[in-house]
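> Just a sequence and a predicted model for now, questions to come.
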Amino acid sequence: MNKNTKYILITFTALLSACSHVSQRYSASATNVEQIREIAKDVSAKISVDQFTATEKGKKSIVCRAEGAISAPDNKTFDEFIRDAITDEFRVAGVYDAKSLTKLQGNLDSIDFS
């Protein structure tokens with residue numbers, strides 16, 4: 001293998017390896033948890049998180065010119081990621097009950113960045 005071929009292979013490998021980014025797992029925000037607890041003081045009912053849907057069903061990545069594909073962790077769709085994040089916030093705040101009749105539902109209309 002000559003010197004030029006090595007440089008071409010190294011460059012090609014570097015370009016391909018920088019084409020995607022997986023976001024970190026979500027962890028509850030102390031600020032959000034405090035605000036949820038403050039709101040929940042006046043409400044005795046617990047909340048369950050019901051179905052979250054997305055207008056673009058199954059969307060797992062968005063493209064950034066500088067980063068390539070950006071995706072949610074654990075091969076989740078973005079609507080699953082958001083649903084799980086809200087559930088985590090409610091759990092940490094102490095207002096979550098999977099069996100509650102008070103249910104939060106949602107639909108992700110779009111996801112993008114600029």
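That came through, no problem.

> Please make it C-alpha for all contacts and neighbour counts, starting now.
OK.

> Show me where this structure dips below the pLDDT cut-off.
1-22, 66-67, 114 (pLDDT under 70).

> quick one: the strands in it?
Listed in chain order, the strands of the chain (DSSP state E) span 20-22, 48-54, 61-64, 68-71, 103-108.

> Can you tell me which of these is nearest to K41?
strand 48-54 (16.7 Å; CA to CA).

> Quick check: buried residues in that closest one?
Across strand 48-54, burial judged by 16 or more other CA atoms under 10 Å covers S48, V49, D50, F52, T53, A54.

> For my notes, please list the residues you listed in a markdown table and give distance to D74 for each entry.
Shown next, in a markdown table, are the buried residues of strand 48-54 (distance: CA to CA, whole Å):
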| residue | distance to D74 |
| --- | --- |
| S48 | 22 |
| V49 | 20 |
| D50 | 20 |
| F52 | 17 |
| T53 | 18 |
| A54 | 18 |
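
> what about the strands of the chain, which gets the closest to G94?
When the strands of the chain are compared by CA to CA, strand 48-54 sits nearest G94, at 11.4 Å.

> Just give the nearest non-adjacent residue to the spatially most central residue of the chain, would you?
Geometric centre of the chain, nearest residue: F81, 3.8 Å, by CA atoms, centre = their mean. Sequence neighbours aside, A72 is the residue nearest to F81 in space, at 6.7 Å (criterion: CA to CA, 6 or more residues apart in numbering).

> my guess is the one you found meets F78, correct?
Yes - using CA atoms under 8 Å, A72 is in contact with F78, at 6.3 Å.

> More neighbours: which of these two?
Looking at A72 and F78 with other CA atoms under 10 Å, you find the greater number of neighbours at F78, namely 25 against 22.

> how about that one, what does it touch?
G58, K59, K60, S61, S71, A72 (CA atoms under 8 Å, 6 or more residues apart in numbering).

> neighbours around I82, how many?
18.

> tell me how far the ends of stretch 57-71 are from each other?
Start-to-end span of stretch 57-71 (CA to CA, to the nearest Å) is 14 Å.
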